[in-house]
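K.L.:
pasting the sequence and the predicted model now:
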Amino acid sequence: MGNEDDQYWNKYKISRGNKEYIKEIRNPIKQLKREIYLLKEYLKYYGVDLWIEGYVLFVNMNSPVESEYTVNDKSEIDDILHLRRNQVLTKNQIEKIISILK
């Protein structure tokens, strides 16, 4: 794979002919950080200033990357959704965000 700060990662794949090959992909953690920043700035421009969290989920759980932005198993997803609620949005905030993003 790669490190959290690498621009590109190597993805190891196996072809239908059972041959291993490497495919270069953009670092999903860097992409996520950029998307969080852009969403935060976009909402702030329209008067909604929020803390935004995002995560990369590795489905095959075979990523050697350790990062605060990665999730590797279902229990972590449950924790994120139910235990890390630092911020609760009001109904008005939710409606405003929906109208901004439409």
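P.N.:
Thanks, I have it.
K.L.:
what is the neighbour count of residue 45?
P.N.:
10 (other Cβ atoms under 10 Å). Backbone N, C-alpha and C define where each C-beta goes, glycine included.
K.L.:
quick one, phi/psi of it?
P.N.:
Dihedral angles phi and psi of residue 45 (degrees, to the nearest 10) take the values phi -60, psi -30.
K.L.:
that one and residue 37, how far apart?
P.N.:
The spacing between residue 45 and residue 37, counted by Cβ to Cβ, to the nearest Å, is 13 Å.
K.L.:
same question, residue 56
P.N.:
15 Å.
K.L.:
ranges for the helices of the chain?
P.N.:
28-45, 74-82, 91-101 (DSSP state H).
K.L.:
show residues contacting the second one.
P.N.:
Right, the one you point to is helix 74-82. Residues from elsewhere that reach helix 74-82 (Cβ atoms under 8 Å, 6 or more residues apart in numbering): 53, 55, 57, 71.
K.L.:
ok, stretch 24-38 next?
P.N.:
Contacts of stretch 24-38 (Cβ under 8 Å, 6+ apart): 2, 4-11, 52-56, 65, 67, 69-70.
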